[in-house]
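Visitor: below are the sequence and a predicted model; questions follow.
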Amino acid sequence: MAAELGCRMGQVEQMIRYTYWNSGCDGIVIGVSGGVDSALAAAFCCRAIGVDNVLGISLPASVSNPHDLNDAADLCATLGMEHRVVSIDPMLAAFSTIPGFVESPFLLGNLMARIRMTILYYHANRDHRLVCGTSNRSEFMLGYCTKYGDNAADLQPIVHLYKSDVYEMAKEMKIPESILTKAPSAGLWTGQSDEGEIGLSYADIDLALKNLEVNGWKAGSLVEEKVLSRAQKNAHKRLPAPNLLTVP
């Protein structure tokens, strides 16, 4: 079991190194939220290309939990990677001046995700770096992400891992306990939790996805029906934009 886990972790590191070396870039930038997904992805990047080549940026807003920022800072210090903090509040305020601006949790959440990714790509463009994504398989399959927001990246080292796999590898890589034990949250509004917003626990989601994949995407329970419905509804987030371009 330990050998298999080590092999899987080695494959992730090899993919990161291959992508990095072939890009000709000078480093990787990653958004570190204080959550387990970004923590694991950052740890993989540090192991793959060295801590001196990885920049972590935390992008809090006024609704962000201050404990998350502390956890992100502690993670970067533990890994030995550079850490910067950029508040997105001024950018959110600028968007509020748009004529007809409407404020709702859904609209603000998507806007925050896209602002954060824009800042990461600004640093990547300026410093000739790649942007590392932090999406996991469970959220990717459900479409629990924002188009051109948190699902945008130059490499996605953990998108093949279910949330349960993420926790397993994070424990193996000694991610701080405060990160491992907190309730997963995108930090989009006060009190927001991923499982609360989705309406299912990650344990149920992972089991349902595994059963659906084995059974040809035919639901055998109410939970599987709910997961399948959401995966089908959000399939557009996993696919390129429809077009009529033919490339010779």
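Guide: Arrived safely, thanks for sending. Nothing here was measured: the structure is a model prediction, and the numbers come from that model.
Visitor: in the strand or helix carrying A94, what's buried?
Guide: A94 belongs to helix 89-95 when elements are defined using DSSP states H and E. Buried residues in helix 89-95, defined by neighbour count with 16 or more other C-beta atoms under 10 Å: 91-92. In short, each C-beta sits where N, CA and C put it, glycine included.
Visitor: any weak-confidence spans in this structure?
Guide: Low-confidence segments of the chain (pLDDT under 70): 1-2, 189, 191, 248.
Visitor: hey, where'd the strands end up in it?
Guide: 27-31, 54-58, 82-85, 129-132 (DSSP state E).
Visitor: including distance to D206 and mean neighbour count, could these go into TSV?
Guide: Compiled in TSV, those are given as follows (distance: least, C-beta to C-beta, whole Å; neighbours: other C-beta atoms under 10 Å):
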stretch	distance to D206	mean neighbour count
strand 27-31	24	25
strand 54-58	27	25
strand 82-85	30	15
strand 129-132	23	23
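Visitor: got those strands as CSV, with distance to C46 columns?
Guide: Shown next, in CSV, are the strands of the chain (distance: least, C-beta to C-beta, whole Å):
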stretch, distance to C46
strand 27-31, 9
strand 54-58, 5
strand 82-85, 11
strand 129-132, 11
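Visitor: wait, which of the ones you listed is closest to C7?
Guide: Ranking these by their distance to C7 (criterion: C-beta to C-beta) puts strand 129-132 first, at 21.5 Å.
Visitor: for the closest one, packing partners?
Guide: Helices and strands touching strand 129-132, by 3 or more C-beta pairs under 8 Å, 6 or more residues apart in numbering; DSSP states H and E, are helix 2-23, strand 27-31, helix 36-49, helix 105-127.
Visitor: try it again at 7 Å.
Guide: Packing partners of strand 129-132 (3 or more C-beta pairs under 7 Å, 6 or more residues apart in numbering; DSSP states H and E): helix 2-23, strand 27-31, helix 105-127.
Visitor: spatially central residue in the chain, please.
Guide: T134 (2.7 Å; C-alpha atoms, centre = their mean).
Visitor: burial measure for the closest residue to A43 other than its chain neighbours, as a count.
Guide: Sequence neighbours aside, M173 is the residue nearest to A43 in space, at 4.9 Å (criterion: C-beta to C-beta, 6 or more residues apart in numbering). Residues lying near M173 (other C-beta atoms under 10 Å) number 15.
Visitor: and the helices and strands packed on strand 129-132 as JSON lines, adding distance to H236?
Guide: Below are the helices and strands packed on strand 129-132 laid out as JSON lines (distance: least, C-beta to C-beta, whole Å):
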{"stretch": "helix 2-23", "distance to H236": "25"}
{"stretch": "strand 27-31", "distance to H236": "23"}
{"stretch": "helix 105-127", "distance to H236": "14"}
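Visitor: highest average neighbour count across the ones you listed?
Guide: Across those, averaging neighbours per residue (mean count of other C-beta atoms under 10 Å) puts strand 27-31 on top, at a mean of 25.
Visitor: same for it, what does it pack against?
Guide: Using 3+ C-beta pairs under 7 Å, 6+ apart: strand 27-31 touches helix 36-49, strand 54-58, helix 105-127, strand 129-132.
Visitor: is S58 in a bridge, and if so with what?
Guide: Per DSSP bridges, the residues bridged to S58 are V85.
Visitor: wait, it touches V32, no?
Guide: Yes - with contact defined as C-beta atoms under 7 Å, S58 reaches V32; the gap is 5.5 Å.
Visitor: can you give me how far stretch 36-49 is from the chain middle?
Guide: 11 Å (C-alpha atoms, centre = their mean, to the nearest Å).
Visitor: list the buried ones in it?
Guide: Buried, per 16+ other C-beta under 10 Å, within stretch 36-49: 36-49.
Visitor: using PDB, write out every CA atom in that stretch.
Guide: This file holds the C-alpha atoms of stretch 36-49, laid out as PDB (Å, rounded to 0.1, in the frame of the first residue of the first chain):
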ATOM      1  CA  VAL A  36      -6.000  20.900   1.700                       C
ATOM      2  CA  ASP A  37      -6.100  21.000  -2.200                       C
ATOM      3  CA  SER A  38      -3.900  23.900  -2.600                       C
ATOM      4  CA  ALA A  39      -1.600  22.700   0.200                       C
ATOM      5  CA  LEU A  40      -1.100  19.300  -1.500                       C
ATOM      6  CA  ALA A  41      -0.600  20.900  -4.900                       C
ATOM      7  CA  ALA A  42       2.000  23.300  -3.500                       C
ATOM      8  CA  ALA A  43       3.800  20.500  -1.700                       C
ATOM      9  CA  PHE A  44       4.000  18.500  -4.900                       C
ATOM     10  CA  CYS A  45       5.400  21.600  -6.800                       C
ATOM     11  CA  CYS A  46       8.000  22.200  -4.100                       C
ATOM     12  CA  ARG A  47       9.100  18.500  -4.200                       C
ATOM     13  CA  ALA A  48       9.200  18.400  -8.000                       C
ATOM     14  CA  ILE A  49      11.100  21.600  -8.900                       C
END
